[in-house]
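Undergrad: just the structure for this:
(one chain, ligands or ions: 2)
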Amino acid sequence: MKLQHLIGVYLLSITAVLGSPSQTPFDITSSDYVPLHPELEARSREILAKYPLIDTHIDLPATMRTIHRRPMDAIPKLNSSHPGHFDLPRAKAGGLAGAFFTANAPCPGGFGRDVGPDFLEPTETVQHVLESIDLVKNTLAYYPALMKAARNAADVREAFSEGKLAVLMGLEGTHGLANSLSTLRMYVELGVRYVTLTHVCHSSFASSNGGGAGTSGSTIPPAHPGNGLTAWGIELVHELNRLGVMVDLSHTSDNTARDAIKASKAPVVWTHSGARTINNHPRNVPDDILRMIGDGPGKNPGIVLSVLFSTFIDPNNATTARVVDHIEHIASIVGKSHVGLGSDFNGISLAVDYMEDVSKWPNMIQELLYRKWTESEIAGIMGGNLLRVMEEVETVQAGLAHLPASPEIYHKRTDLPAHEWGGPNMAYLAPDVQKIVVQQKRLRDEL
Ligand SMILES: *[C@@H]1O[C@H](CO)[C@@H](O)[C@H](O)[C@H]1NC(C)=O
Ligand SMILES: *[C@@H]1O[C@H](CO)[C@@H](O)[C@H](O)[C@H]1NC(C)=O
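TA: Ligands and ions are numbered 1, 2, ... in the order given. From the prediction side, this is the model:
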């Protein structure tokens with residue numbers, strides 16, 4: 001921990017003890033900006049003003065829900081200061097132009113829940129996801145002059161030209177779908193633009209690599225044959241393609257990533273991962289999978305957006321320069337037009353030095369300039385590459401527009417047909433419907 005952090009924590013404790021009326025205990029500001037390469041600071045700010053910087057992973061709703069009894073009470077505070085790595089003054093100071101806020105529910109295991117071997121035990125994940133989406137939507141409604149809802153690349157460009165933060169949403173983990181493509185389609189109507197195929201738990205769709213933040217980086221025991229996507233997960237990927245939603249492979253098992261790249265008709269993304277060759281952690285992408293991405297025949301034209309979590313980058317040397325080591329290794333395989341930035345702010349205990357929070361993005365630009373990245377390469381990693389991927393995903397969607405929604409349901413579900421909906425003595429059912437139910441029950445008993 002750096003000195004300025006220690007002082008910040010110290011002042012915070014004093015404030016909490018004295019209960020200063022002018023300052024809430026939440027008053028953590030970011031006046032601690034230290035340029036990484038002072039001689040390049042002016043240039044870094046010029047570039048940030050000229051091109052949009054888009055961060056594909058910020059767990060803001062999770063922080064709002066973690067510390068507020070009424071999570072919506074957090075919304076007005078975002079304009080002054082809010083705990084964690086993100087608030088609006090710091091986002092502005094850092095030149096952030098676009099953010100994907102995460103709609104998620106912690107994995108059921110985190111609540112001591114067991115979904116069972118078939119993932120059928122009920123959980124509250126859908127409620128948590130919907131409440132997170134609601135928080136983002138109400139934040140947008142509160143700040144019409146500062147933020148703009150975005151669903152596609154054109155919306156992001158428009159928000160940037162208006163000087164507003166483009167706000168998008170991603171769903172982290174298909175445990176949040178409760179085994180249902182209908183749930184997916186409704187999230188998409190509400191604005192979800194990517195789906196991370198797993199968080200740190202497996203789902204009926206896909207296998208996770210476990211090993212998220214707070215772990216030493218061990219994987220979890222497989223739940224599916226082959227430890228990849230299930231047939232049902234492949235159906236999900238096709239539905240995501242049809243809906244124009246990005247397929248996110250951060251957190252997934254290596255085989256899920258391989259299977260999804262094969263199944264997806266559109267570019268795939270890693271919204272917050274590094275390079276496993278630079279730091280051997282299962283949250284980072286191995287070279288053989290990176291080789292499936294890029295330009296050229298047979299490759300998926302996707303994008304790897306690099307994370308800032310010290311544990312994934314290098315526990316012994318967690319610096320912004322080290323993040324760029326990850327980025328340059330990834331780019332050496334996939335090409336510089338297939339890399340981007342996805343911090344995982346608010347979802348990590350410690351970001352790397354010089355990128356401690358959202359106000360520090362000029363330092364990332366300075367490090368890239370220091371390493372002789374050209375202006376157009378920097379514009380690409382900041383957001384241009386991601387916007388291109390989003391447009392390609394939209395093109396695939398347009399090409400699939402003639403297809404109907406997938407009617408598939410998870411084959412292990414036991415609640416459909418929903419005979420129980422008929423009420424006592426089938427009192428809610430018309431006589432012809434009653435007959436069908438009786439016949440179906442008889443058939444089921446005979447099986
Ligand atoms: C947010 O803060 C800015 C700068 O202090 C101020 O101009 C603006 O009115 C505030 N907006 C809201 C909705 O609080
Ligand atoms: C940390 O990483 C940076 C970037 O690669 C490197 O220049 C520096 O030498 C490393 N420091 C240590 C102590 O390994």
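Undergrad: ok, His128 - contacts?
TA: By C-beta atoms under 8 Å, 6 or more residues apart in numbering, the residues touching His128 are Arg65, Asn104, Ala105, Pro106, Gly176. Just so you know, the C-beta spots here come from the backbone N, C-alpha and C atoms, and that holds for glycine as well.
Undergrad: change it to 10 Å
TA: For His128, the contact set (C-beta atoms under 10 Å, 6 or more residues apart in numbering) comprises Pro61, Ala62, Arg65, Ala103, Asn104, Ala105, Pro106, Phe111, Gly176.
Undergrad: wait, the first one touches Ala74, no?
TA: Yes. Under the criterion of C-beta atoms under 10 Å, Pro61 makes contact with Ala74 at 9.1 Å.
Undergrad: all strands of the stretch 101-250 of the chain, in order?
TA: Secondary structure of the stretch 101-250 of the chain (DSSP state E, counting those that start in this stretch): strands at 147-149, 165-172, 192-196, 246-248.
Undergrad: what's the angle between the second one and strand 192-196?
TA: For strand 165-172 against strand 192-196, the angle by axes from the mean of the first three to the mean of the last three C-alpha atoms, to 10 degrees is 40 degrees.
Undergrad: with just CA atoms, put strand 165-172 into PDB.
TA: Taking Å, rounded to 0.1, in the frame of the first residue of the first chain, the C-alpha atoms of strand 165-172 are listed here in PDB:
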ATOM      1  CA  LEU A 165     -20.300   9.000 -20.100                       C
ATOM      2  CA  ALA A 166     -21.800   6.200 -22.200                       C
ATOM      3  CA  VAL A 167     -23.200   3.600 -19.900                       C
ATOM      4  CA  LEU A 168     -23.700   0.000 -21.000                       C
ATOM      5  CA  MET A 169     -24.400  -3.200 -19.100                       C
ATOM      6  CA  GLY A 170     -23.000  -6.700 -19.000                       C
ATOM      7  CA  LEU A 171     -24.300  -9.700 -17.200                       C
ATOM      8  CA  GLU A 172     -21.500 -11.500 -15.400                       C
END
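Undergrad: before we move on, back to that, which single one of the contacts of His128 is nearest to Arg258?
TA: Gly176 (23.0 Å; C-beta to C-beta).
Undergrad: hang on, the earlier thing: quick one: which of the contacts of His128 is nearest Gly422?
TA: For the contacts of His128, the nearest to Gly422 is Gly176 (30.0 Å; C-beta to C-beta).
Undergrad: so the closest one touches Met169, yeah?
TA: No. Look at Gly176 against Met169 with C-beta under 10 Å: they stay out of range, at 11.8 Å.
Undergrad: find the residues that touch each one of these two.
TA: Ala103, Val129, Ser132, Tyr187, Val192.
Undergrad: of these, closest to Gly383?
TA: Val192 (19.4 Å).
Undergrad: contacts only, for that closest one.
TA: So Val192 contacts 100, 103, 129, 133, 136, 151, 168-171, 176, 184-186, 243, 245-246 (C-beta under 10 Å, 6+ apart).
Undergrad: measure it to ligand 2 for me?
TA: Distance check for Val192 against ligand 2: by C-beta to the nearest ligand atom, to the nearest Å, it reads 36 Å.
Undergrad: let me see the contact set for Thr196.
TA: 57, 102, 104, 170-174, 176, 206, 208, 246-252, 269-272.
Undergrad: any shared contact partners between Pro61 and Ala74?
TA: By C-beta under 10 Å, 6+ apart, the residues touching both Pro61 and Ala74 are Leu135, Thr139.
Undergrad: any stretches of the stretch 251-400 of the chain with poor pLDDT?
TA: Within the stretch 251-400 of the chain, no stretch has pLDDT under 70.
Undergrad: and Leu369, that one's in a strand?
TA: No. Going by DSSP: H, G, I helix; E, B strand; the rest coil, the assignment for Leu369 is helix, not a strand.
Undergrad: number of nearby residues for the closest residue to it other than its chain neighbours?
TA: Spatial nearest neighbour of Leu369, excluding adjacent residues (C-beta to C-beta, 6 or more residues apart in numbering): Leu40 at 4.8 Å. Residues contacting Leu40 under the criterion other C-beta atoms under 10 Å number 19.
Undergrad: okay, now the closest residue to ligand 2 within the stretch 101-250 of the chain: neighbour count?
TA: Closest contact between the stretch 101-250 of the chain and ligand 2, by C-beta to the nearest ligand atom, is at Gly217 (19.2 Å). For Gly217, the count of nearby residues is 17 (other C-beta under 10 Å).
Undergrad: quick check: domain ranges of this structure?
TA: 1-32, 35-416, 417-447 (automatic domain parsing).
Undergrad: ok, and which of those has the densest surroundings?
TA: domain 35-416 (a mean of 20; mean count of other C-beta atoms under 10 Å).
Undergrad: how long is that domain from one end to the other?
TA: 59 Å (C-alpha to C-alpha, to the nearest Å).
Undergrad: what does the stretch 151-300 of the chain put close to ligand 2?
TA: Nowhere does the stretch 151-300 of the chain come near ligand 2, counting by C-beta under 6 Å from any ligand atom.
Undergrad: residues in contact with the closest residue to ligand 2 within the stretch 151-300 of the chain?
TA: Residue nearest to ligand 2 within the stretch 151-300 of the chain: Ile278 (9.0 Å; C-beta to the nearest ligand atom). By C-beta under 10 Å, 6+ apart, the contact set of Ile278 is Asn284, Phe312, Ile313, Asp314, Arg322, Val323, Asp325, His326, Ile327, Glu328, His329, Ile330.
Undergrad: same question for Pro301.
TA: 266-268, 293-295, 334-335, 337-338, 385, 388-389, 392.
Undergrad: and the closest residue to Cys201 other than its chain neighbours, how far from Gly173?
TA: Closest residue in space to Cys201, ignoring its immediate chain neighbours: Cys107 at 3.6 Å, by C-beta to C-beta, 6+ apart. As judged by C-beta to C-beta, to the nearest Å, Cys107 and Gly173 stand 7 Å apart.
Undergrad: which neighbours do those two share?
TA: Listed contacts common to Cys107 and Gly173 are Thr125, Thr198, His199, Val200, Cys201, His202, Ser203, Ser208; contacts here mean C-beta under 10 Å, 6+ apart.
Undergrad: Asn227 is in contact with the last one, correct?
TA: Which is Ser208. Yes. Judged on C-beta under 10 Å, Ser208 makes contact with Asn227 at a distance of 9.4 Å.
Undergrad: what touches both of the two?
TA: His202, Thr219, Ile220, Ser253, Thr256.
Undergrad: filter those down to just the ones in helices.
TA: Secondary structure from DSSP state H places Thr256 of those in helices.
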